[in-house]
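Asks: Here is a sequence with its predicted model. Questions after.
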Amino acid sequence: RFRAMQTPRRSSSDSATGTAAPENKVWYLKHSRLFECASDETIAYCEHLFVQQACTKGNILFQAGDAANFVYPVKRGMVRITRRTSDDKDILIAILGPGSLFGEEVVFSNVERTTIAVCTTESLLCMARAEHVYGLLTRFPQLAVNVAKYLHEQRDNALAIAEDLAFLTVPQRLLRQFDRLAHEYGKAVSDGVLLDIRLT
């Protein structure tokens with residue numbers, strides 16, 4: 001059973017006592033998927049390449065067709081990634097929270113954006129130029145492994161969604177999507193799972 005709220009998800013920087021962790025760039029990078037299992041020395045070497053960007057709710061980070069120059073780790077908040085169809089409908093690709101990464105496709109090829117990225121809450125992001133991230137991946141194998149694992153997960157998610165579209169009814173697809181979101185963002189409560197992200 002799922003219960004949805006429209007309040008922002010509590011930041012992962014909050015501890016069990018409710019005390020916020022220091023909001024410095026190195027701390028957040030250390031908790032990013034990109035720097036998973038990376039040494040403190042590696043993170044300290046890389047941190048100057050990332051610029052922090054505060055975004056308001058509804059801020060459009062990029063649209064389909066925009067030039068793709070930056071990779072974005074999420075520090076705080078939520079970002080929705082969608083793709084627009086030819087009949088002007090938006091298809092949800094992902095809802096990303098703290099520690100997630102997006103825009104990574106530009107690291108390996110010079111492409112235009114094919115998706116739309118919008119902040120669904122007030123958010124704090126890091127930005128790094130694609131060529132800088134590519135340089136880091138060639139210098140630090142652990143970062144390259146992290147990106148490979150992330151892309152593998154993205155591919156598996158896309159395949160699962162394609163299977164749902166092919167074989168499940170609309171109610172079944174909705175339930176499956178709730179299940180995925182609850183697994184990633186849900187919190188156990190007394191009467192089920194609380195999914196405290198805004199859903200259209």
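Replies: Yep, it's here.
Asks: number of nearby residues for residue 29?
Replies: Using other C-beta atoms under 10 Å, the number of residues around residue 29 comes to 23. C-beta here means a position set from N, CA and C on the backbone, and glycine is covered the same way.
Asks: Buried by neighbour count: which residues of the helix or strand where it lies qualify?
Replies: Secondary structure from DSSP states H and E places residue 29 in helix 25-30. Neighbour-count burial for helix 25-30 flags 25, 28-30 (criterion: 16 or more other C-beta atoms under 10 Å).
Asks: and the residues you listed as a markdown table, adding pLDDT and distance to residue 51?
Replies: As requested, those are exported to a markdown table (pLDDT from 0 to 100; distance: C-beta to C-beta, whole Å):
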| residue | pLDDT | distance to residue 51 |
| --- | --- | --- |
| 25 | 79 | 9 |
| 28 | 85 | 12 |
| 29 | 88 | 12 |
| 30 | 87 | 17 |
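Asks: residue boundaries of the helices in the chain?
Replies: Using DSSP state H, the helices of the chain run over residues 25-30, 40-46, 130-139, 141-167, 170-185.
Asks: what's the first one in contact with?
Replies: What it means is helix 25-30. 13, 21, 35, 38, 40, 43-44, 46-47, 50, 52, 73, 75, 98, 126 (C-beta atoms under 8 Å, 6 or more residues apart in numbering).
Asks: Farthest pair within these?
Replies: For these, the farthest-apart pair by C-beta to C-beta is 44 and 98; their separation is 20.6 Å.
Asks: out of those two, which sits in the more crowded spot?
Replies: Taking other C-beta under 10 Å, residue 44 and residue 98 do not tie; residue 98 has more neighbours (20 against 12).
Asks: Name the helix or strand of the chain that has the lowest mean pLDDT.
Replies: One helix or strand of the chain scores below all others by mean pLDDT, DSSP states H and E: strand 2-4, with a mean of 42.
Asks: Could you identify the buried members of the contacts of helix 25-30?
Replies: Here, 16+ other C-beta under 10 Å leaves 13, 35, 38, 43, 46-47, 50, 73, 75, 98, 126 buried among the contacts of helix 25-30.
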